[in-house]
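Undergrad: okay, here's the prediction I keep looking at, along with the sequence it came from:
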There are 2 protein chains.
Amino acid sequence: MDKINIKRLAEELNLSTSTISRALQDSYQIGAATKQRVLELAKKLNYQPNPHASSLGSSRSKTIAVVIPEVFDSYFALAINGIEAVAQAQGYHVLIYLTHERLQLEQEILHAFRSGRVDGVVISVSAETTSTAHIQALRAQGVPVVFFDRAADDVDTARVTTNDTESAYQATCHLIERRCTTLLLLSISRHLSIGRQRIAGYRQALTEHGLAFRDDDIVDCGQDPEANRELLEATLRARPGIDGIISTVEMLTESTYQACYALHRRIPQDVKVVSFYNSRSAAILNPSLTTISQPAFEMGKTAATLLLKALRNPKSTLVAENVVLPSVLTIRNSTASIG
Amino acid sequence: MDKINIKRLAEELNLSTSTISRALQDSYQIGAATKQRVLELAKKLNYQPNPHASSLGSSRSKTIAVVIPEVFDSYFALAINGIEAVAQAQGYHVLIYLTHERLQLEQEILHAFRSGRVDGVVISVSAETTSTAHIQALRAQGVPVVFFDRAADDVDTARVTTNDTESAYQATCHLIERRCTTLLLLSISRHLSIGRQRIAGYRQALTEHGLAFRDDDIVDCGQDPEANRELLEATLRARPGIDGIISTVEMLTESTYQACYALHRRIPQDVKVVSFYNSRSAAILNPSLTTISQPAFEMGKTAATLLLKALRNPKSTLVAENVVLPSVLTIRNSTASIG
């Protein structure tokens, strides 16, 4: 079988090789009818592009990078599914990079992108990401960046987030309505936009209900589940009056439940718990968990759609728009009224 | 600032460009001392390779692909972490592809690799993967493939698995010792090697304890949690004598618990449950879950290590070795003895 390359496609269709090349790259310079003819023939002849050769010519790798703190969290797992669904449908490949919540690793990863390995980046920043020079530098080289979930405030680009302030407000109001008066908020990223918004929502709910906001009630957790459990046990032991906990990260739920079990604090009788949580296991926990669930799949899909749209037209730039998709409060037994 | 390219490095070190190029690619043709000199200068001058250009020259993309059925499962999430840890340490990039348990998608994904986008592939096959021509074809083109967890029997390459037969045997013996006599095995891939091995272990335990093996006791589940719950409800309703369930997939746990809740079958009093499960949430389920947990992170790490070792020396070929890492049974309340 003859090798099917761009030259062969050009001969068959009586078009120039550059037209074929642009059509295959879905360039805005080529009309829809021509694109259609080229793609149909390419499919019929089972044309397989040489990804590196075509990248050299067009500066397009047909690859996007997803940079996330962690994959062992239902939110990010669902978001990857959403990103991948869009990328696959549009013929893009997806590189996954984990920062493990470390700024230095995030900087190294983005630095390596400057050589042209990826066309664009979808990123949810690490808990340590206070400076954004690495993101700005990548954008300055013409690599578009879209944030999802965790955005950096000072980078003017598209972002897909959920209503974090309202969600934390809603969760806090729910606990207050269930007669909680001393509420902890568990956080892993107090300085990030997402962390600040959740604290703001929590604070607003307390204030509106005449309860005091105390900085001590914000518990800064880390990445190690055992260390988090010990921290929570110590906090609950030192402050027996705590009767409500809002966990802003899925993985903190397990540490919270374990700390309560160990101290024989009954959920929901002694302490009520609500968590940002996306796994289906919420309904079979002991007790079943009241959750704020984020539209993770949709957020991933939307972020990838915005990025690929920008890549299709190199003259377009991503504007600083913020797409906000709402989260949902689902009430279960961990916040049930007693008696 | 001058552009730092291979030519510049060659001039500075008084070496040929091909030596620089090979040293940067960690070629076995270049001595350790020379590699060291080249890498130190490259780092000092902040050299960034053009990934596509260097790929054309060396047929190396410094990229590996991870092809998995799903990312929304703790096993695969942990395995990705293991793969990524090894790849990152050795300067490789990781492309992730999800097959969503569909053979056709797996075939398309592997077909696209033939154009040279990736240097090697780590794969856990889909539940539908009965034919392996697509895997054989990729290997025939010189792209090494390593299996992890779910391997195809008829492809002679390295594979990293866990002791599936023994684990299912152990889980079944445990339930029989806890006086269960009518045991369901929930499966999603009866024809895969992994599915067959788990059924074999289950069958062996039944036989050794004088219990009958019935094909009806193997329940073939699918990808939809709601449909699985309905199937399990119908099965439990039709067969009130069932007193033990072995779930071979993490995601089936939720459907199993929900089906038991709906029918007021108490776990563990009426039905005892053990599941292949890797999430830390096992300990906070209602009731806490007896688990077979796989060494997912280690399996991912080992698979990536084998692949990258093969890539370092192009003359080496992956032999049909099988690295078996043992799973662990952890007994919790879902199989507690009653009275």
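TA: Happy to help now that I have it. What you are looking at is a predicted structure, and each value in this text was computed from that prediction instead of being measured.

Undergrad: so which bits of the stretch 51-200 of chain A are right by chain B?
TA: A:51-53, A:55-56, A:61, A:63, A:71-72, A:74, A:77-78, A:80-81, A:84, A:93-98, A:111-112, A:114-117 (Cβ under 8 Å from any Cβ of the partner chain). For every residue, glycine as well, the C-beta is placed using N, CA and C.

Undergrad: among those residues, name the buried ones.
TA: Neighbour counting with 16 or more other Cβ atoms under 10 Å in any protein chain shown marks A:51-53, A:55-56, A:61, A:63, A:71-72, A:74, A:77-78, A:80-81, A:84, A:93-98, A:112, A:114-117 as buried within these.

Undergrad: now, which of these lie within strands?
TA: A:63, A:93-98 (DSSP state E).

Undergrad: mind putting the residues you listed in a markdown table, pLDDT included?
TA: Listed next are these as a markdown table, based on pLDDT from 0 to 100:
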| residue | pLDDT |
| --- | --- |
| A:63 | 92 |
| A:93 | 91 |
| A:94 | 91 |
| A:95 | 90 |
| A:96 | 90 |
| A:97 | 91 |
| A:98 | 90 |
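
Undergrad: which among those gets closest to chain B?
TA: residue A:96 (4.5 Å; Cβ to the nearest Cβ).

Undergrad: how about the helices in the stretch 201-339 of chain A?
TA: A:225-238, A:252-262, A:296-312 (DSSP state H, counting those that start in this stretch).

Undergrad: right, and the ones you listed - which one's nearest residue B:292?
TA: Residue B:292 sits nearest to helix A:252-262 of all the helices of the stretch 201-339 of chain A, at 19.0 Å, using Cβ to Cβ.

Undergrad: now for that closest one, which elements pack on it?
TA: Contact partners of helix A:252-262 among helices and strands, from 3 or more Cβ pairs under 8 Å, 6 or more residues apart in numbering or on different chains; DSSP states H and E: helix A:225-238, strand A:244-247, strand A:272-276.

Undergrad: relative orientation of that helix and strand A:272-276 in degrees?
TA: 160 degrees (axes from the mean of the first three to the mean of the last three Cα atoms, to 10 degrees).

Undergrad: which residues does helix A:252-262 contact?
TA: The contact list for helix A:252-262 (Cβ atoms under 8 Å, 6 or more residues apart in numbering or on different chains) reads A:186, A:188, A:221, A:225, A:228-229, A:232-233, A:236, A:245, A:247, A:265-267, A:270-271, A:273, A:275, A:277, A:285-286, A:289, B:280-281, B:283-284.

Undergrad: tell me who's in contact with the spatially closest residue to residue A:302 that is not a sequence neighbour.
TA: Excluding its sequence neighbours, the residue lying closest to residue A:302 (Cβ to Cβ, 6 or more residues apart in numbering or on different chains) is residue A:160, at 4.7 Å. Taking Cβ under 8 Å, 6+ apart, we find residue A:160 in contact with A:146-149, A:299, A:302-303, A:306, A:322-323, A:325.

Undergrad: can I take it that residue A:160 is in a strand?
TA: Yes - inclusion of residue A:160 in a strand is indicated when DSSP: H, G, I helix; E, B strand; the rest coil is applied.

Undergrad: what pairs with it across the strands?
TA: residue A:148, residue A:323 (DSSP bridges).

Undergrad: if we can go back for a sec, and residue A:22, which of the helices and strands packed on helix A:252-262 is closest to it?
TA: strand A:272-276 (44.7 Å).

Undergrad: who does that closest one touch, helix- and strand-wise?
TA: Short answer (3+ Cβ pairs under 8 Å, 6+ apart): strand A:272-276 packs on helix A:164-177, strand A:244-247, helix A:252-262, strand A:290-293.

Undergrad: which one of these is the most hemmed in?
TA: Greatest average neighbour count among those goes to strand A:244-247 (a mean of 28), per mean count of other Cβ atoms under 10 Å in any protein chain shown.

Undergrad: how about the stretch 201-339 of chain A: which residue is closest to chain B?
TA: residue A:286 (3.5 Å).

Undergrad: who are the neighbours in contact with the residue nearest to that residue when sequence neighbours are not counted?
TA: In space, residue A:286 comes closest to residue B:286 once its chain neighbours are excluded; the distance is 3.5 Å by Cβ to Cβ, 6+ apart. Counting by Cβ under 8 Å, 6+ apart, residue B:286 makes contact with A:284-288, B:257.

Undergrad: next up, phi/psi of residue A:134, please.
TA: phi -70, psi -30 (degrees, to the nearest 10).

Undergrad: residues contacting it?
TA: A:106-107, A:110-111.

Undergrad: reformat those as CSV; add distance to residue A:142 and secondary structure.
TA: Output for these, formatted as CSV (distance: Cβ to Cβ, whole Å; DSSP: H, G, I helix; E, B strand; the rest coil):
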residue, distance to residue A:142, secondary structure
A:106, 20, helix
A:107, 19, helix
A:110, 14, helix
A:111, 15, helix
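
Undergrad: among the contacts of residue B:286, which pair sits farthest apart?
TA: A:287 and B:257 (13.1 Å).

Undergrad: pretty sure residue A:246 is touching residue A:173, no?
TA: No - with contacts counted by Cβ atoms under 8 Å, residue A:246 stays clear of residue A:173, the gap being 10.9 Å.

Undergrad: quick check: pLDDT value at the residue of the stretch 201-339 of chain A closest to chain B.
TA: With respect to pLDDT, residue A:286 scores 98.

Undergrad: any weak-confidence spans in chain A?
TA: A:1-3, A:25-29, A:48-59, A:339 (pLDDT under 70).

Undergrad: compute the number of surrounding residues for residue A:184.
TA: By other Cβ atoms under 10 Å in any protein chain shown, 25 other residues sit near residue A:184.

Undergrad: apart from its chain neighbours, what residue comes closest to it?
TA: Closest residue to residue A:184 apart from its sequence neighbours, by Cβ to Cβ, 6+ apart: residue A:245 at 4.9 Å.

Undergrad: show me what contacts the one you found?
TA: A:183-184, A:186, A:256, A:271-274.

Undergrad: equivalent analysis for residue A:65, please.
TA: A:94-97, A:109, A:113, A:117-118, A:120-123.

Undergrad: reformat those residues as TSV; add distance to residue A:156.
TA: What follows is the contacts of residue A:65, written out as TSV (distance: Cβ to Cβ, whole Å):
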residue	distance to residue A:156
A:94	25
A:95	24
A:96	26
A:97	23
A:109	21
A:113	19
A:117	24
A:118	20
A:120	16
A:121	15
A:122	16
A:123	14
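
Undergrad: per-domain residue ranges of chain A.
TA: A:6-58, A:63-162+A:296-325, A:164-294+A:328-335 (automatic domain parsing).

Undergrad: just put those domains in TSV and tack on distance to residue B:192.
TA: Shown next, in TSV, are those (distance: least, Cβ to Cβ, whole Å):
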stretch	distance to residue B:192
domain A:6-58	29
domain A:63-162+A:296-325	22
domain A:164-294+A:328-335	24
